[in-house]
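A.B. asks: quick one: sequence and predicted model below, then my questions.
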Amino acid sequence: MRRWKGTLWLPLAALVVGALLMGCAAPQKTATPAKAKPEWWFHDTVNIDFVKQYAVMPQPKGVMIVDARPKRAKYDKGHIPTAVSIPARQFDKFKDRLPKDKKTLLIFYCGGPT
């Protein structure tokens with residue numbers, strides 16, 4: 001019986017020492033920018049007044065409006081008339097619909113993160 005008590009202290013002491021060392025360790029700093037943006041943040045966000053000037057018929061040259069919402073569930077039920085459907089979850093499949101001219105203003109819209 002005495003041997004059993006002696007062997008119990010060793011693992012228990014290791015657990016206590018380990019817990020103390022974990023608690024005493026200095027917190028690690030991560031290199032994050034001062035103005036970190038959420039992962040859903042885009043290059044620029046615009047308001048409805050900005051989009052209105054391009055959501056007209058006929059659509060001005062050098063502009064493309066992309067509806068990134070699901071096609072059947074959202075786009076088909078209503079969208080900006082000049083918008084092209086490129087659902088966000090299928091972007092790789094439909095990215096060939098984007099204009100070849102890199103100077104084209106691309107305006108993406110979706111349901112938003114909230």
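C.D. replies: In hand now; what should we look at?

A.B. asks: tell me the pLDDT at residue 65?
C.D. replies: Note for residue 65: predicted pLDDT of 94.

A.B. asks: please confirm that it is located within a strand.
C.D. replies: Yes. Checked against DSSP: H, G, I helix; E, B strand; the rest coil, residue 65 lies within a strand.

A.B. asks: that one: neighbouring residues, count only.
C.D. replies: 19 (other C-beta atoms under 10 Å). Bear in mind the C-beta positions are built from the backbone N, C-alpha and C, glycine included.

A.B. asks: likewise the one 3 residues further on?
C.D. replies: Counted with other C-beta under 10 Å, the burial measure for residue 68 works out to 18 neighbours.

A.B. asks: that one and residue 80, how far apart?
C.D. replies: As judged by C-beta to C-beta, to the nearest Å, residue 68 and residue 80 stand 12 Å apart.

A.B. asks: identify the contacts common to the two.
C.D. replies: Taking C-beta atoms under 8 Å, 6 or more residues apart in numbering as the contact rule, residue 68 and residue 80 both touch residue 109.

A.B. asks: for residue 54, what are its contacts?
C.D. replies: So residue 54 contacts 60, 63, 65, 82, 105, 107 (C-beta under 8 Å, 6+ apart).

A.B. asks: can you turn the buried part of those into a PyMOL selection?
C.D. replies: The buried subset of those, as determined by 16 or more other C-beta atoms under 10 Å, is captured in PyMOL by this line:
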select buried, resi 63+65+82+107
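
A.B. asks: how about the contacts of residue 54, which pair is most distant?
C.D. replies: 82 and 105 (12.5 Å; C-beta to C-beta).

A.B. asks: phi, psi of residue 58?
C.D. replies: phi -70, psi 150 (degrees, to the nearest 10).

A.B. asks: that one: neighbour count?
C.D. replies: 6.

A.B. asks: next one: it from residue 82, what distance?
C.D. replies: 8 Å.

A.B. asks: now do the strands in this protein.
C.D. replies: Taking DSSP state E as the criterion, the chain contains strands spanning 63-67, 84-85, 105-109.

A.B. asks: nearest to residue 95, of these?
C.D. replies: strand 63-67 (10.3 Å).

A.B. asks: for the protein, what helix or strand is lowest in average pLDDT?
C.D. replies: helix 2-24 (a mean of 51; mean pLDDT, DSSP states H and E).
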